[in-house]
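Colleague: structure, please.
(one chain, ligands or ions: 1)
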Amino acid sequence: MSRSFKLDILAADKYFFSGDCEEIIFSSIDGSMGVLGGHEPMICCLSEGEIQFRCDGEWRRAIVSQGFLEVMPNFVKVFADSVERPEDIDLLRAQAAKERAEERLRQKLSTKQYIHTQAALKRAMARIKAAGKTYN
Ligand code: ATP
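Modeller: All right, here's what the predicted structure looks like:
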């Protein structure tokens with residue numbers, strides 16, 4: 001049986017989750033990664049998309065934007081700009097955000113504006129994908 005670890009998931013505007021877990025799966029810039037209890041210490045970049053975490057044998061999901069993770073043998077901390085439960089995602093809002101970002105990307109932008117708009121587009125696309133899974 002795998003060792004459990006304390007998991008905290010924090011966003012800029014909310015404390016999303018705190019509790020004991022057995023496993024977490026997330027997307028990093030190196031692809032999908034899984035962490036179990038007792039993992040060696042590391043700091044990883046978090047990519048936008050779905051996080052899955054198993055607590056008392058039950059898998060839960062969260063949709064996150066970019067951020068980072070602190071992994072230690074007995075705890076994992078996830079820091080993201082935003083986090084939502086898939087069932088709380090407002091699909092129309094995400095679609096509108098995607099259209100706004102796509103429209104902006106067709107215009108001339110500074111490097112900073114371009115990076116911000118790309119990030120907004122990725123957030124919107126991650127939310128649309130998650131909302132689609134919920135409603136299917
Ligand atoms: P928008 O332009 O629609 O505000 P955004 O990507 O700029 O989208 P964020 O700054 O990432 O929004 O998030 C602001 C807050 O709104 C956060 O609490 C986030 O969880 C929430 N949020 C953003 N978009 C959605 C959505 N489509 N459904 C539910 N909550 C959302």
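Colleague: residues of the host helix or strand of R93 that come out buried?
Modeller: Assigned by DSSP states H and E, R93 falls within helix 91-105. Buried residues in helix 91-105, counted by 16 or more other Cβ atoms under 10 Å: A94, A97, K98, A101, R104. From N, CA and C alone the C-beta is placed, and that goes for glycine too.
Colleague: helices or strands up against that helix?
Modeller: helix 111-135 (3 or more Cβ pairs under 8 Å, 6 or more residues apart in numbering; DSSP states H and E).
Colleague: identify the residues contacting the helix it packs on?
Modeller: When contacts are defined by Cβ atoms under 8 Å, 6 or more residues apart in numbering, helix 111-135 is touched by residues 48-50, 61, 63-66, 81-82, 84, 86-87, 89-91, 94-95, 97-98, 100-102, 104-105, 109.
Colleague: coming back round to it: and the helix holding R93 with the ligand, contact?
Modeller: Yes - with Cβ under 6 Å from any ligand atom as the measure, helix 91-105 is seen reaching the ligand through R93, A94, A97.
Colleague: list the contacts for the residue lying farthest from the centre of the chain?
Modeller: Computed with Cα atoms, centre = their mean, the residue of the chain farthest from its C-alpha average is K108, at 29.1 Å. Contacts of K108 were listed using Cβ under 8 Å, 6+ apart, and none were found.
Colleague: so which bits of the protein are right by the ligand?
Modeller: 13, 65, 81-82, 84, 88-90, 93-94, 97, 120, 123, 127.
Colleague: mark which of those are buried, thanks.
Modeller: S65, S82, E84, I89, A94, A97, A120, R123, R127.
Colleague: ok, the first one - contacts?
Modeller: Looking back up the chat, that one is S65. S65 neighbours (Cβ under 8 Å, 6+ apart): E48, A80, D81, S82, V83, A119, K122, R123, A126.
Colleague: that'll do, ta.
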